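**Student:** please find the sequence and the predicted model below.
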Amino acid sequence: MHFKLSLLAAALSVVTAAPSRRSPLILHEKRAAEPLDWEVTRRLEADKVLPMRFGLSQQNIHRVEELLMAVSHPESPTFGKHYTPEEVVDLFAPSDETIATVTKWLVDSGFSRDRLRISANRGWISMDATTAEVEDLLNAEYHVYTHGPTGDEQFGCHNYSLPAHVRDHIDLIRPTVQFNHRPSPLAVHKRFGGIGMPSARTGPKKKDQKVTITPSLNNCDENITLDCLRALYNVNYKPIATDKNSYGIVEFTPQAFLGPDLDLFFRNFSPSLVGVRPINVLIDGAVVQTTQQSFDFNGESDLDLEYAMGLTAPQPITLLQTGDLVEGAGFDNWLDAVDGSFCTFEGGDDPTQDGIYPDTAKGGFNGPESCGIVAPPFVVSVSYGQDEVSVTPAFANRQCTEYAKLGMLGTTVLYSSGDDGVAGGGGVCLSSKTKQPVNRGGTVFNPGFPVTCPFVTAVGATQVNPGSTVNDPEGACEQVIFSGGGFSNIFPMPSYQAAAVNSFLTNHKPPFTSAQFNNSGTVRAFPDLSANGANYVIGIDGEFSLVFGTSASSPVVGSLITLINDARLAAGKGPVGFINPSIYSSGFASAFNDITSGGNQGCGTAGFTATTGWDPVTGVGTPNFAKLMPLFLALP
């Protein structure tokens, strides 16, 4: 997968060092949304050194859906013929013209050649530059932003510009307009950062009541257990190809599991797993910390691992623990670990969104960045997310393409769709006038990210309705949480879901206008499918509790896909990879339980309503494993 750094020298050989007249600059990116509770406090110091990353326009991006569909659609003659990492790099590497154009612009702007480095996949040019140099280069102003409640600081610019002849050769530049919307709530000695920090706005929700365990299929409307899920989704399969298979669970430090919690759960529901632990892959100085113990620190990881391990036993589970205790991490960091071509210098992290390593902060991880340290698992489940409005289209598309590449390699990537219905994290909605997030009074729906990326599988939440049994139809989750769902404001509609989504918009037209959501019928809709997300019994901090969330739904679906992969591997076939084209196809319709009751309220409305066929509450429905398995097993 690696290209020699001499490629940059070759590109630079076609340019001259003599500066030319400054070309007129044109706006390239501006901030997607003004961050809540942050204030501009000062200009960034002119001599501060910024780690600049220039994301070069990749080749064949316009073909990414076509290439992914060719190995993912059940009717494609090349289904399952996944690409090698080397083939993916070759397909998308920027052209020599792009490299030469950008490097000439930088050299002509006064940056010496020895300051520039090119990534191994030729996707990024990087250099260190002072604030003053960057502001002059990009016609930008960098400011320091301070978070009122915590005093945390971040820096960035509101917009930046490029010469016209350069714009088509650059996707985005970091650090610029991206902004991390998750300040630390902890006024403690250690500054936890990143997506995994405890927050009332994110993660599974806990019911404050003591739980008495009486395992029975008769009370699955009150307590969901492994047996309830097996009964709901018709699961009766024990893995036999565990040495060939792989299933990864992503967690962000400081979130961490506690071994005694796993054993408490396993003693009651899966005795053979007592003492068994996940395979820990520690990314960017990550630790499975046990110093901080509470639901906010342990609930997500305990939930994910107890159910993923319990449903797939004896399949070993890989824990992709991401980020150190000081800086934390973003989504790009776990992508770096499974795809070395996506790293800084070999991909490109964003200092305002992701952890940058080595971490120079006191107590931070000062080792090398984790690039390509583990092969991509065949299934990866991520129970975290952010609001789509918090990322720019360029940033979102760049990351989304990486998920497509993982699909081309044969990996199924699942993300929880969110727990606030049509609202964003913590129930935040957008202003009807500015389409910016507001603390109160917002009426515009606020979709999430990365779930709106058309190359991941978004998982919503259902429930066993009160008083019902596992033999009765489930409804959309309306206890404690509401299944995240809706329509993107960034991504176009992928071909695989066009018929299903247009049918919903035509035959079950929502009672909302274009002022509340993107009802154009031309954008990505989510979720794709769903699974139970209410009343999960978990072992947490030494006792049993009930939790709610699409945080539970995603690892459950991931577990079922892992079992399907096991059967395919045992039969001499490969993993299913990107599943969306299959689950939306007419041939797979009978393998899903259609959810036709419940809604996902938010933003002062009743939200969307679950109905016949696909809907933006529960997707195509919940899986019937016994029907789904033979359909996937019959594919090449």
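**Tutor:** Okay, I see it.
**Student:** backbone dihedrals for residue 162, both of them.
**Tutor:** With angles defined as degrees, to the nearest 10, residue 162 sits at phi -140, psi 160.
**Student:** quick one: contacts for the closest residue to it other than its chain neighbours?
**Tutor:** Spatial nearest neighbour of residue 162, excluding adjacent residues (C-beta to C-beta, 6 or more residues apart in numbering): residue 28 at 4.6 Å. (Glycine included, C-beta is placed from N, CA and C.) Going by C-beta atoms under 8 Å, 6 or more residues apart in numbering, residue 28 touches 160-162, 167, 170, 173.
**Student:** can you list these in JSON lines and add pLDDT?
**Tutor:** Converted to JSON lines, the contacts of residue 28 look like this (pLDDT from 0 to 100):
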{"residue": "160", "pLDDT": "97"}
{"residue": "161", "pLDDT": "97"}
{"residue": "162", "pLDDT": "97"}
{"residue": "167", "pLDDT": "95"}
{"residue": "170", "pLDDT": "96"}
{"residue": "173", "pLDDT": "94"}
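**Student:** return a PyMOL selection command for the buried portion of the residues you listed.
**Tutor:** Provided next is the PyMOL selection string for whichever of the contacts of residue 28 are buried by 16 or more other C-beta atoms under 10 Å:
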select buried, resi 160+161+162+170+173
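**Student:** quick one on the thing from earlier: host element of the residue nearest to residue 162?
**Tutor:** Using DSSP states H and E, residue 28 falls within strand 25-30.
**Student:** next secondary structure element downstream of that strand?
**Tutor:** strand 38-43.
**Student:** output the host helix or strand of residue 503 as CSV, restricted to C-alpha atoms.
**Tutor:** For residue 503, the host element (DSSP H and E) is helix 498-507. Provided in CSV are the C-alpha atoms of helix 498-507 (Å, rounded to 0.1, in the frame of the first residue of the first chain):
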residue,chain,number,x,y,z
ALA,A,498,-34.3,5.1,-3.9
ALA,A,499,-37.3,2.9,-4.5
ALA,A,500,-38.0,2.3,-0.7
VAL,A,501,-37.6,6.0,0.3
ASN,A,502,-39.6,7.4,-2.6
SER,A,503,-42.4,5.0,-1.8
PHE,A,504,-42.5,6.2,1.8
LEU,A,505,-42.5,9.9,0.7
THR,A,506,-45.2,9.3,-1.8
ASN,A,507,-47.5,6.8,0.0
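**Student:** any idea how far that helix is from the middle of the chain?
**Tutor:** 26 Å (C-alpha atoms, centre = their mean, to the nearest Å).
**Student:** pLDDT on that helix, on average?
**Tutor:** Averaged across helix 498-507, pLDDT comes to 98.
**Student:** now swap in stretch 91-106 and tell me
**Tutor:** Mean per-residue pLDDT for stretch 91-106: 95.
**Student:** mind listing what's buried in the strand holding residue 28?
**Tutor:** Judged by neighbour count using 16+ other C-beta under 10 Å, the buried positions of strand 25-30 are 25, 28-29.
**Student:** what lines up beside that strand in the sheet?
**Tutor:** Sheet pairing of strand 25-30 (DSSP bridges) gives strand 159-163 (antiparallel).
**Student:** what helices and strands are in contact with the helix or strand just after the partner strand?
**Tutor:** The helix or strand immediately downstream of strand 159-163 is helix 164-167, counting by DSSP H and E. In terms of contacts (3 or more C-beta pairs under 8 Å, 6 or more residues apart in numbering; DSSP states H and E), helix 164-167 is packed against strand 25-30, helix 96-108.
**Student:** if I look at the residue nearest the centre of the chain, how far off is residue 331?
**Tutor:** Nearest to the geometric centre of the chain sits residue 450, at 4.3 Å (C-alpha atoms, centre = their mean). Counting by C-beta to C-beta, to the nearest Å, the gap from residue 450 to residue 331 is 6 Å.
**Student:** okay, and the common contacts of those two?
**Tutor:** 382, 399.
**Student:** the stretch 151-300 of the chain: strands as residue ranges?
**Tutor:** 153-157, 159-163, 170-174, 205-207, 247-252, 279-283 (DSSP state E, counting those that start in this stretch).
**Student:** quote the end-to-end distance of stretch 157-167.
**Tutor:** Its first and final residues considered, stretch 157-167 spans 18 Å by C-alpha to C-alpha, to the nearest Å.
**Student:** could you give the angle of the host helix or strand of residue 555 to strand 247-252?
**Tutor:** Assigned by DSSP H and E, residue 555 belongs to helix 550-570. On the basis of axes from the mean of the first three to the mean of the last three C-alpha atoms, to 10 degrees, helix 550-570 is oriented at 150 degrees to strand 247-252.
**Student:** quick one: average pLDDT of helix 550-570?
**Tutor:** Averaged across helix 550-570, the pLDDT comes to 98.
**Student:** what helices or strands is that helix leaning on?
**Tutor:** Counting by 3+ C-beta pairs under 8 Å, 6+ apart, helix 550-570 packs on strand 247-252, helix 295-312, strand 379-382, strand 412-416, strand 457-463, strand 529-532, helix 625-634.
**Student:** quick one, which of those is packed in tightest?
**Tutor:** Ranked by mean neighbour count, the helices and strands packed on helix 550-570 are led by strand 457-463 with a mean of 31 (mean count of other C-beta atoms under 10 Å).
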